[in-house]
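> Here you go, sequence then predicted model.
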Amino acid sequence: MIKIHPLSDVQSSHIADNTNIWQFCVILPCAVIGSNCNICAHVLIENDVVIGDNVTIKSGVQIWDGIRVGNNVFIGPNVTFTNDLTPRSKIYPKSFAKTIIKDGASIGANATIVAVHTVGEHALIGAGSVVTSDIPANTVWYGNPARQKGYITSDGIILDMNKKDKNGKQYCL
């Protein structure tokens with residue numbers, strides 16, 4: 001069963017079971033949203049968007065045309081995506097730039113993801129970061145511009161740049 005708050009404007013019929021859509025969301029007709037997702041208040045999802053299963057999108061996020069979100073992804077509050085590297089008023093590209101967020105990735109609050117980049121599986125982007133390059137799988141990035149600061153296991157254990165946890169245990173990713 002899909003739960004859609006009555007104060008949302010959901011035009012898409014491509015939404016899978018057990019997804020919750022909270023108040024003041026706008027979801028355009030061609031958007032595809034997987035099962036067991038949680039779309040929090042004040043989220044806009046455009047047409048050429050695909051969102052996988054078990055995704056959480058916190059309040060204040062806009063998912064623009066060209067963005068692909070994998071399964072088990074967390075997108076924090078007010079994360080900003082772009083889809084046009086040279087935006088101009090009233091001048092539209094033939095197609096919008098693609099951005100891919102792969103399975104298990106987490107993006108912290110207020111991060112900005114510049115178009116045409118891929119965030120790898122299980123990667124962690126820190127709050128407030130500005131992503132201007134591709135992010136490899138199982139890495140931790142933060143800052144402006146975002147720089148790699150460590151690694152992260154698929155289970156969420158943060159590792160230093162030598163792939164050791166806080167207790168000094170070495171991991172092989």
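In hand now; what should we look at? Numbering: from 1, shown residues only.

> switch to C-alpha atoms for all contacts and neighbour counts from now on
Noted.

> can you tell me how far the residue most central in space within the chain sits from Ser106?
The centre of the chain sits closest to Ile75, judged by CA atoms, centre = their mean, with a distance of 4.5 Å. Between Ile75 and Ser106 the distance is 6 Å, computed by CA to CA, to the nearest Å.

> Identify the contacts common to the two.
Shared contacts of Ile75 and Ser106, defined by CA atoms under 8 Å, 6 or more residues apart in numbering, are absent.

> Can you name the residues bridging to Asn20?
Legend: beta-bridge partners of Asn20 under DSSP bridges are Lys3, Asn38.

> That one touches Ile2, doesn't it?
Yes: the pair Asn20 / Ile2 is scored as a contact, 6.1 Å apart, by CA atoms under 8 Å.

> Of those two, which one has the most company?
Asn20 (19 against 14; other CA atoms under 10 Å).

> Tell me which residues touch the more buried one, please.
Counted by CA under 8 Å, 6+ apart, Asn20 has contacts Ile2, Lys3, Ile4, Asn36, Cys37, Asn38, Ile39, Cys40.

> where does it land on pLDDT?
Asn20 is assigned a predicted lDDT (pLDDT) of 98.

> again with Tyr92
Here the pLDDT value assigned to Tyr92 is 89.

> That one: neighbouring residues, count only.
By the criterion of other CA under 10 Å, Tyr92 has 11 neighbours.

> Next up, phi/psi of Ile113, please.
Per-residue torsions, Ile113: phi -110, psi 110 (degrees, to the nearest 10).

> does it have beta-bridge partners, and which?
Bridge pairing for Ile113 - DSSP bridges - gives Phe81, Val131.
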